[in-house]
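A.B. asks: Okay, sequence plus prediction incoming.
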Amino acid sequence: MTVFAPSLVNLWKSIESYGIDPAPLFAAEGIKVKLPIDPCMRLPYARVDQLRATAEKLCGDEAFGLRSASAYLPSQFGALGYAWHASLTLRRAFMRLERFVRVVNDKAQVNIEDRDGCMVVTLKVGVNSKSKFARDDGALALITRMCRMISGDDFRLQTVNFRHAEPKDIKPYFEYFGCPLSFNQADNQLYIPLSFADETLVGANPELALLNDKVVTRRLARIDRDDIVARVQATLVDLLPQGSISDDAVADALHMSVRTMHRKLTEENNNFRTLLVEMRRDLAEQYILDNSLTLTEISLLLGFSEPSSFSRAFKSWTGTAPSEARQARL
């Protein structure tokens, strides 16, 4: 299990904020980094977790994890961070995080669902931690800060759930999250009112978001060579603009037989057709937002031989013709 090394800038800066030199603590865990951290570097989760636990104990602050969010910059999540900041809505941003969070931590999961007038974001890491307070608080605080950065000062949470027990002093938590808090819950969760989740963001840039999505897709495929779904998705991104796509072409690009590719996808409860449709739909919904692209160009970028084929597919996915969907965004 590994984590994206640049994400440790938050931890480094947080330790510094207590007047403590982070370098010896990092060195004690065999973590050799210097700022800015190499974006190609990944670090073992166990070492990072031990480092965080040591820092939390040394700082003597139960709310240590909350402070780690204050130093966040998009570069700490790499291309995913930039795609987040260019997203059309918070929902779109979280859909990206849900799909790509493994680039940051390959055992992390993000799930979103609508419930009780809110978009409920559930955060999970599939391994134990020596510093559950700091790890979970840090993740919830960081994502809250990311929301505030793209939604603006008016952003509000409905409530926050924590898996860990109630801290001795909950004042820093109320001050940071500014909403009702619940502890000893089944999951770490953020409840975001739907009015914020689906509001069009001022800083939205569909073209920039899409470019960074492609970078993240390729990086995810490189992280885990055994992840056949990520590898097929990355290959589809590359091959779709070249023309009509086929399972033969994708399998050939992956240096495996079509039969082997299908078998591996089946083992992951997936199939080539579903991945192709999902990729085309996701890209189409983003291309539609880019007025510099004609509908004919979009159809070619998605590997359709005729614009009419694209139009029929888009309407079957969304219930709306491409031209109507574009007009609705003007």
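C.D. replies: Arrived safely.
A.B. asks: E324: how many residues sit nearby?
C.D. replies: Using other C-beta atoms under 10 Å, E324 is surrounded by 13 other residues. For the C-beta atoms, the positions are set from N, CA and C on the backbone; glycine is no exception.
A.B. asks: for the stretch 51-200 of the chain, what spans make up the strands?
C.D. replies: According to DSSP state E, counting those that start in this stretch, the stretch 51-200 of the chain carries its strands in the segments 108-115, 118-125, 159-161, 181-182, 188-193.
A.B. asks: The last one to strand 118-125, inter-axis angle?
C.D. replies: In this case it means strand 188-193. Calculated by axes from the mean of the first three to the mean of the last three C-alpha atoms, to 10 degrees, strand 188-193 forms an angle of 160 degrees with strand 118-125.
A.B. asks: Distance from the chain centre to strand 188-193, please.
C.D. replies: Centroid displacement of strand 188-193 relative to its chain, using C-alpha atoms, centre = their mean, to the nearest Å, is 16 Å.
A.B. asks: which secondary structure elements does the longest helix along the chain contact?
C.D. replies: Across the chain, the longest stretch assigned as helix under DSSP state H is helix 132-151. If contacts are counted by 3 or more C-beta pairs under 8 Å, 6 or more residues apart in numbering; DSSP states H and E, helix 132-151 sits against helix 9-16, helix 45-59, helix 64-67, helix 79-85, helix 90-100, strand 118-125, helix 171-177, strand 188-193.
A.B. asks: quick one, the second one and helix 132-151 angle?
C.D. replies: Right, helix 45-59. Per the same axes, to 10 degrees, the angle that helix 45-59 makes with helix 132-151 is 100 degrees.
A.B. asks: hmm, back to that, a markdown table for the strands of the stretch 51-200 of the chain, including distance to S311, mean pLDDT and mean neighbour count?
C.D. replies: Output for these, formatted as a markdown table (distance: least, C-beta to C-beta, whole Å; pLDDT from 0 to 100; neighbours: other C-beta atoms under 10 Å):
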| stretch | distance to S311 | mean pLDDT | mean neighbour count |
| --- | --- | --- | --- |
| strand 108-115 | 29 | 94 | 14 |
| strand 118-125 | 30 | 95 | 20 |
| strand 159-161 | 43 | 97 | 20 |
| strand 181-182 | 47 | 97 | 15 |
| strand 188-193 | 34 | 97 | 22 |
